[in-house]
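Asker: below is the sequence, then the predicted model.
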Amino acid sequence: MASIIPTALRSTVKIACVRPVNLARAPSLPPIFPFIRQASSSSSSFGLRVPAPEAHPLSYKDGAIPYRTVQLVDPSTNHLLEPQSLRSILSTYDQSTHSLVLVNVDKEIPIVKLINKLEERKKERDSEEKAKLKKKMSMEEKEVQISWQSAQGDLLHKLQLAKSLLEKGDRVQIVFANRKRGESIPENKKMEIVSMFHEELEGVVGKRWKDDDKQRGLWVMFYNPLEVTRNQVQNKVKEQETNKKMEKYQKKEERRRKEEERRAKAEARAKAEAEAEVGGGEGKGGII
């Protein structure tokens with residue numbers, strides 16, 4: 001069947017059919033990833049930062065002290081001086097050798113104290129050394145485990161171990177117990193073993209400080225070292241620490257002496273070179 005559309009209009013209709021239609025664009029949404037990255041980079045959920053913890057009031061020093069008016073502790077009398085401005089105190093000392101610290105903020109006017117940094121460091125070192133010495137001199141608690149089924153040689157070995165620990169100044173627990181799937185040991189045999197340990201330890205290298213604990217095949221003996229042994233151990237530790245300090249001091253003095261010798265030689269060499277230059281200049285000036 002022939003088309004009823006004229007030939008001249010066919011091309012126009014085809015072109016009109018393929019012409020693109022301009023559609024209204026939906027408004028673009030903001031990118032979500034930057035917000036995700038921002039939230040994930042924060043230290044807390046939802047991008048909210050946790051405020052830093054406030055500093056302790058007594059941790060402020062020198063110019064960081066947040067008070068205009070303070071009371072200074074007199075370094076010579078240890079009494080409080082009249083209230084004065086913080087600025088007036090800051091200008092009276094060398095901050096490389098001294099530091100102004102807060103010691104009390106509960107009063108109406110905060111109290112400050114001037115401390116010597118060198119003396120403060122020395123106090124800290126002394127305190128650390130005392131703590132170390134106390135730890136070395138403290139009594140450690142050790143345990144010696146023995147099975148009732150042990151052979152005589154093993155029993156003597158464990159007995160010697162308990163002796164050596166007590167001689168070192170340690171507290172010792174001696175634990176007797178049945179070996180797994182071991183043969184049953186009669187009570188009189190157990191008493192013989194316990195008596196052997198008691199006779200070799202009590203009053204010789206140690207002293208019971210607590211009654212024996214006996215329950216379900218276990219028998220525990222509690223021994224402290226003798227007082228004379230503890231004193232000997234403590235004196236030995238003190239002597240070792242004193243020797244260490246002396247050795248450290250001697251090495252320090254030796255380094256100081258060598259440094260002074262090097263400095264003196266350098267000064268003498270510089271002086272000789274200066275005199276040689278002066279002498280050489282005078283000699284040249286005398287030639288006509």
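Answerer: Nice, I can see it.
Asker: now do the strands in the stretch 51-200 of the chain.
Answerer: Using DSSP state E, counting those that start in this stretch, the strands of the stretch 51-200 of the chain run over residues 69-72, 84-85, 98-104, 111-116, 141-147, 171-177.
Asker: present these as a markdown table; the columns should include mean pLDDT, mean neighbour count and distance to residue 200.
Answerer: Quick note: C-beta positions are derived from backbone N, CA and C, even for glycine. Putting those into a markdown table (pLDDT from 0 to 100; neighbours: other CB atoms under 10 Å; distance: least, CB to CB, whole Å) gives the following:
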| stretch | mean pLDDT | mean neighbour count | distance to residue 200 |
| --- | --- | --- | --- |
| strand 69-72 | 90 | 18 | 66 |
| strand 84-85 | 90 | 12 | 73 |
| strand 98-104 | 89 | 17 | 58 |
| strand 111-116 | 90 | 18 | 56 |
| strand 141-147 | 94 | 15 | 13 |
| strand 171-177 | 95 | 19 | 11 |
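Asker: okay, those strands in TSV with distance to residue 231 next?
Answerer: Below are the strands of the stretch 51-200 of the chain laid out as TSV (distance: least, CB to CB, whole Å):
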stretch	distance to residue 231
strand 69-72	47
strand 84-85	54
strand 98-104	40
strand 111-116	37
strand 141-147	19
strand 171-177	15
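Asker: what's in contact with stretch 82-96?
Answerer: Identification of contacts with stretch 82-96 by CB atoms under 8 Å, 6 or more residues apart in numbering yields 62-63, 65, 67-72, 100, 109, 112, 114, 117.
Asker: ok, residue 143 touching residue 175?
Answerer: Yes: using CB atoms under 8 Å, residue 143 makes contact with residue 175 at a distance of 6.1 Å.
Asker: find the nearest non-adjacent residue to residue 75, please.
Answerer: residue 114 (5.8 Å; CB to CB, 6 or more residues apart in numbering).
Asker: what's near enough to touch the one you found?
Answerer: Per CB under 8 Å, 6+ apart, neighbours of residue 114: 72-73, 75, 89, 93, 98-100.
Asker: how about the helices in this structure?
Answerer: Counting by DSSP state H, the chain has helices at residues 7-18, 33-41, 86-90, 117-137, 152-167, 187-201, 227-285.
Asker: quick one: which of the ones you listed is nearest residue 216?
Answerer: When these are compared by CB to CB, helix 187-201 sits nearest residue 216, at 13.1 Å.
Asker: packing partners of the closest one?
Answerer: helix 152-167, strand 171-177, strand 218-225 (3 or more CB pairs under 8 Å, 6 or more residues apart in numbering; DSSP states H and E).
Asker: give me the contacts around it.
Answerer: With CB under 8 Å, 6+ apart as the criterion, helix 187-201 contacts 146, 148, 155, 159, 162-163, 166, 174, 176, 212, 219, 221, 223.
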